[in-house]
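Enquirer: Return a 3D structure for these sequence lines:
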Amino acid sequence: MTIPALLHGNEATSAWVQRWSHLVPPHATVLDIACGHGRHMRHFAKLGHDVVGVDRNPEAIAALAGLGETLCADIENGPWPLSGRTFGAVVVTNYLWRPLWPHILASVAAGGVLIYETFAAGNETVGKPSRPDFLLQPGELLKVCKDLRVVAFEEGFLAAPDRFVQRIAAVKPVNETTQPVRYPL
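Expert: Numbers count the residues shown, from 1 in each chain. Model (predicted):
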């Protein structure tokens, strides 16, 4: 195992994921898509949630033994391995494969939250990824999440390391009520 592989997965939880973790319903199961070595799975497990991670890297999945349910699957070229399942939260960071959006959105349970953060257009001026296929276009996450209740959205430039990002925290509505739902900021 190389030194970078030992360090990967031990990075701090994304500040965005950490900030919106309180929106995840108590005792909900959290799905981490393209989970890598599981930094966000670890975060949610520490908060008392059951966790499920999917990644195509068998070494990354092996490193998560005992943390929760793990699936080694090529979600870009194979079938969606979680058909028919929903989760109290779906987390995606630093990953974009647009054909998966219908699966991602369908995986969020009613009352569940989508926490998504990845690279945006402009990133090609500061580093990788730089291909348009891997960069969100302006407002793209807002369009994708049009049927969800957007609690927070940001789009812009972050420094150290320099990167352009787009990120959203959005809840799949439950039955409409006469009382407004309070999503704490």
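
Enquirer: all strands of the chain, in order?
Expert: 29-33, 50-55, 69-72, 87-93, 108-119, 149-158, 163-171 (DSSP state E).

Enquirer: got those as CSV, with mean neighbour count and mean pLDDT columns?
Expert: The way it works is simple: take the backbone N, C-alpha and C, and place the C-beta from them, glycine included. Compiled in CSV, the strands of the chain are given as follows (neighbours: other CB atoms under 10 Å; pLDDT from 0 to 100):
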stretch, mean neighbour count, mean pLDDT
strand 29-33, 26, 98
strand 50-55, 22, 98
strand 69-72, 16, 97
strand 87-93, 25, 98
strand 108-119, 22, 97
strand 149-158, 15, 97
strand 163-171, 23, 97
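
Enquirer: Tell me the predicted confidence for Asn10.
Expert: Note for Asn10: predicted pLDDT of 65.

Enquirer: cool, and the one 3 residues further on?
Expert: Listed pLDDT for Thr13 reads 95.

Enquirer: Between its first and last residues, how far does stretch 97-105 reach?
Expert: 13 Å (CA to CA, to the nearest Å).

Enquirer: Give me the contact list for that stretch.
Expert: By CB atoms under 8 Å, 6 or more residues apart in numbering, the residues outside stretch 97-105 that reach it are 33, 75-76, 80, 82-83, 90, 92, 114, 116, 144-145, 147-148, 172.

Enquirer: okay if I get the strands of the chain as TSV plus distance to Pro138?
Expert: Output for these, formatted as TSV (distance: least, CB to CB, whole Å):
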stretch	distance to Pro138
strand 29-33	23
strand 50-55	28
strand 69-72	33
strand 87-93	19
strand 108-119	13
strand 149-158	7
strand 163-171	8
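
Enquirer: Figure out which of those is closest to Thr125.
Expert: With CB to CB, the closest approach to Thr125 among those belongs to strand 163-171: 7.9 Å.

Enquirer: hmm, back to that, for Lys46, state which of the contacts of stretch 97-105 is nearest.
Expert: Nearest member of the contacts of stretch 97-105 to Lys46, counting by CB to CB, is Val90, at 18.4 Å.

Enquirer: Report the beta-bridge partners for the closest one.
Expert: Leu31, Leu114 (DSSP bridges).

Enquirer: Next, the contact list for it, please.
Expert: 30-31, 33, 104, 107-108, 112-116.

Enquirer: For this protein, which segments count as helices?
Expert: Applying DSSP state H to the chain gives helices spanning 3-7, 15-20, 39-46, 58-62, 101-107, 140-144.

Enquirer: What residues of the longest one count as buried?
Expert: Residues of helix 39-46 classed as buried under the neighbour-count rule (16 or more other CB atoms under 10 Å) are 39-45.
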